[in-house]
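> what shape does this take:
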Amino acid sequence: LEIATIKPAANQVEYHVGMGGAGSNATDDKAFCESVGVAYLSFSTLCGPCGTSELITGPLVTSIGAAHNKSGAQVSLRWAVQQGVPVVPKSANPSHLAQNLDLFSWELTDAQMAALNGATSPPVTGGGDGKTSGDCPQP
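Residues are numbered from 1 along each chain as shown. Here you go, the predicted model:
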């Protein structure tokens, strides 16, 4: 930022359950973005292009969802939102669109956030090495 003539407003990066505890290379230095007032915006919050449905129907997110009468996808999205990370979920399905909007009337408990933060799967995938982010490869 010391040589930037226009400060970036947002940094949109791969960020999802399974990589919340990953290092700064995997999260595109989330802490730095937050420290300088650059909005940290998640893409692939449900890890769709990454080739897994684990963050929609996996046992961790669905068991937590059951406690709130919410879907696994809502849990995955709420995990990011509860950290102050905006999400941009994609859907053409009216039911999914309604679920995507229903993220703000409930909260995950500290224990649930800790479980999601501690998850190591699905790992960061975009960089191809499990350590750095980037665009997820298309299957």
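> for the rest of this, base every contact and every neighbour count on C-alpha atoms.
Noted.
> contacts only, for the residue nearest to the spatial centre of the chain.
What sits nearest the mean C-alpha location of the chain, by CA atoms, centre = their mean, is His16, with 2.9 Å. Contacts for His16 (CA atoms under 8 Å, 6 or more residues apart in numbering) come out as Ser42, Ser44, Thr45, Leu46, Cys47, Ser76, Ala80.
> right, and the fifth one touches Gly58 too?
Looking back up the chat, that one is Cys47. No: here Cys47 lies out of contact with Gly58, judged by CA atoms under 8 Å, at a distance of 11.9 Å.
> of these two, who's got more company?
Neighbour comparison, Cys47 and Gly58: the larger count goes to Cys47, with 24 against 13 (by other CA atoms under 10 Å).
> turn the contacts of His16 into JSON lines, including secondary structure.
What follows is the contacts of His16, written out as JSON lines (DSSP: H, G, I helix; E, B strand; the rest coil):
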{"residue": "Ser42", "secondary structure": "strand"}
{"residue": "Ser44", "secondary structure": "coil"}
{"residue": "Thr45", "secondary structure": "coil"}
{"residue": "Leu46", "secondary structure": "coil"}
{"residue": "Cys47", "secondary structure": "coil"}
{"residue": "Ser76", "secondary structure": "helix"}
{"residue": "Ala80", "secondary structure": "helix"}
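> tell me the one among the residues you listed nearest to Thr5.
Nearest to Thr5 out of the contacts of His16 is Ser42 (CA to CA; 24.6 Å).
> what is that closest one paired to in the beta sheet?
Following DSSP bridges, Ser42 is listed with bridge partners Val13, Val87.
> that one contacts Met19, doesn't it?
No: with contact defined as CA under 8 Å, Ser42 does not reach Met19; the gap is 11.8 Å.
> quick one: the strands in the protein?
10-14, 39-43 (DSSP state E).
> quick check: which of those is buried the most?
Ranked by mean neighbour count under mean count of other CA atoms under 10 Å, the strands of the chain are led by strand 39-43, which reaches a mean of 21.
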